[in-house]
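Engineer: how does the following fold in three dimensions:
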Amino acid sequence: MRKTRNAYVISVNISVKKGTPKTPVRGIILIKDIGVKGDAHQGSQRQVSLLSMKSIQKIRALGLDVNPGDFAENITLSENIKPEDFRVGQRIITNRGVVLEITQIGKKCHTACNIMRITGKCVMPKEGVFAKVIKGGIIKPGDTITLREH
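Structural biologist: Numbers count the residues shown, from 1 in each chain. Predicted coordinates:
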């Protein structure tokens, strides 16, 4: 039996330049094997980036004014899903039928990046989740996601 965990999308975000915070938008289009249409990371190894509000709240607790997109994540998820809930190989399935597969958890963060300068601390090295697009489509704030174990 597969283990599942549900959450919802708080924000979807895009930037045209790498290493900068992303701007929240009304919806994003995900393209199979490419990533988020119009995003700076489109076509890269890390096609889609995700972060839980739990991670953002952790930085807010330090007194920093950070919001969805500030850590350059494409998709900000509700706080009921935690960084430790993710595993490489898991699938994320949305209510609209988009399917992502987790390929990486965390990334090396260079201290000179704009995000680190703006926020003072970065959670992406340990808590950022990266995925590839298995089945494309649209994702909007309020959509539900299911995290499935294989």
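
Engineer: so which residue is dead centre in the protein?
Structural biologist: Central residue of the chain (Cα atoms, centre = their mean): Leu50, 1.1 Å from the mean position.

Engineer: am I right that it sits in a strand?
Structural biologist: Yes - assignment of Leu50 by DSSP: H, G, I helix; E, B strand; the rest coil places it within a strand.

Engineer: partners of the lengthiest strand in the chain in the sheet?
Structural biologist: In the chain, taking DSSP state E as the definition, the longest strand is strand 4-14. Paired strands of strand 4-14, with direction, are strand 23-25 (antiparallel), strand 75-77 (antiparallel), strand 144-148 (antiparallel) (DSSP bridges).

Engineer: mind checking which helix or strand of this structure has the lowest mean pLDDT?
Structural biologist: helix 114-119 (a mean of 66; mean pLDDT, DSSP states H and E).

Engineer: that older thread, which one of the strands paired with strand 4-14 is the most hemmed in?
Structural biologist: Among these, ranked by average contacts under mean count of other Cβ atoms under 10 Å, first place goes to strand 75-77 (a mean of 27). In this view, the C-beta of every residue, glycine as well, is placed from N, C-alpha and C.

Engineer: who's in contact with it?
Structural biologist: Residues from elsewhere that reach strand 75-77 (Cβ atoms under 8 Å, 6 or more residues apart in numbering): 7-13, 28, 48-53, 56, 68-69, 139, 145.

Engineer: just the buried ones among these, please.
Structural biologist: 7, 9-13, 28, 48-53, 56, 68-69, 139, 145 (16 or more other Cβ atoms under 10 Å).

Engineer: make JSON lines from the strands paired with strand 4-14 and add mean pLDDT and distance to Glu101 to it.
Structural biologist: Compiled in JSON lines, the strands paired with strand 4-14 are given as follows (pLDDT from 0 to 100; distance: least, Cβ to Cβ, whole Å):
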{"stretch": "strand 23-25", "mean pLDDT": "97", "distance to Glu101": "23"}
{"stretch": "strand 75-77", "mean pLDDT": "98", "distance to Glu101": "14"}
{"stretch": "strand 144-148", "mean pLDDT": "93", "distance to Glu101": "10"}
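
Engineer: Thr94: which of these is closest?
Structural biologist: Ranking the strands paired with strand 4-14 by proximity to Thr94 (Cβ to Cβ) places strand 144-148 first, at 5.3 Å.
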